[in-house]
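Q: Provide a 3D model corresponding to the input given below.
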Amino acid sequence: MRKYETIFILNPDLEQEEAQSAIEKIKGIILQGKGDILKFEDWGKRKLAYKVRKKTKGHYILIHFSGPPSLLSELERNYRVMDSVIKFITVRLDEKKAIPEEIPVPEEIPDEESEEEE
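A: Purely as a prediction, here's the structure:
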């Protein structure tokens, strides 16, 4: 089985229960597709580099998983139909490199508005 890394961004306006439901749905798709979740990280709400679907913030989720190539197409198909997912990317990890224990979470960039006030 191949190893993959997926990062998806949820709509920041979702209630906590709705966000958890979307995350559980993605995890369920991975497990139903004969995949294994190797690592899960919730990076929380962060500012986007540019507007996506008229949103300036998003709720970031990172998942490392292993599974067959058919799982990848099913996962991405579900990302496209879920209204709660505003952006996603999935990449295949190199088999020779191990998954790092701790991935540094990108730091929050200060708002431009606060810099203009000073």
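Q: for residue 88, which non-adjacent residue is closest in space?
A: Nearest residue to residue 88, sequence neighbours excluded (CB to CB, 6 or more residues apart in numbering): residue 8, at 3.9 Å. C-beta coordinates here come from the backbone N, C-alpha and C atoms, glycine included.
Q: using the three-state scheme, assign the one you found.
A: strand (DSSP: H, G, I helix; E, B strand; the rest coil).
Q: neighbours around it, how many?
A: Using other CB atoms under 10 Å, residue 8 has 24 other residues around it.
Q: any idea how far it lies from residue 40?
A: As judged by CB to CB, to the nearest Å, residue 8 and residue 40 stand 12 Å apart.
Q: what residues are shared contacts of the two?
A: Residues touching both residue 8 and residue 40 (CB atoms under 8 Å, 6 or more residues apart in numbering): residue 61.
Q: quick one: the strands in this structure?
A: 2-10, 36-52, 55-67, 85-92 (DSSP state E).
Q: is it possible to get CSV of these that adds distance to residue 75 and mean pLDDT?
A: Formatted as CSV, these follow (distance: least, CB to CB, whole Å; pLDDT from 0 to 100):
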stretch, distance to residue 75, mean pLDDT
strand 2-10, 7, 95
strand 36-52, 12, 94
strand 55-67, 8, 95
strand 85-92, 7, 95
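Q: need these in CSV (columns: distance to residue 76).
A: Below are the strands of the chain laid out as CSV (distance: least, CB to CB, whole Å):
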stretch, distance to residue 76
strand 2-10, 9
strand 36-52, 17
strand 55-67, 12
strand 85-92, 6
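Q: for residue 28, find the nearest of those strands.
A: strand 36-52 (10.4 Å; CB to CB).
Q: tell me the buried residues in the closest one?
A: 46, 48 (16 or more other CB atoms under 10 Å).
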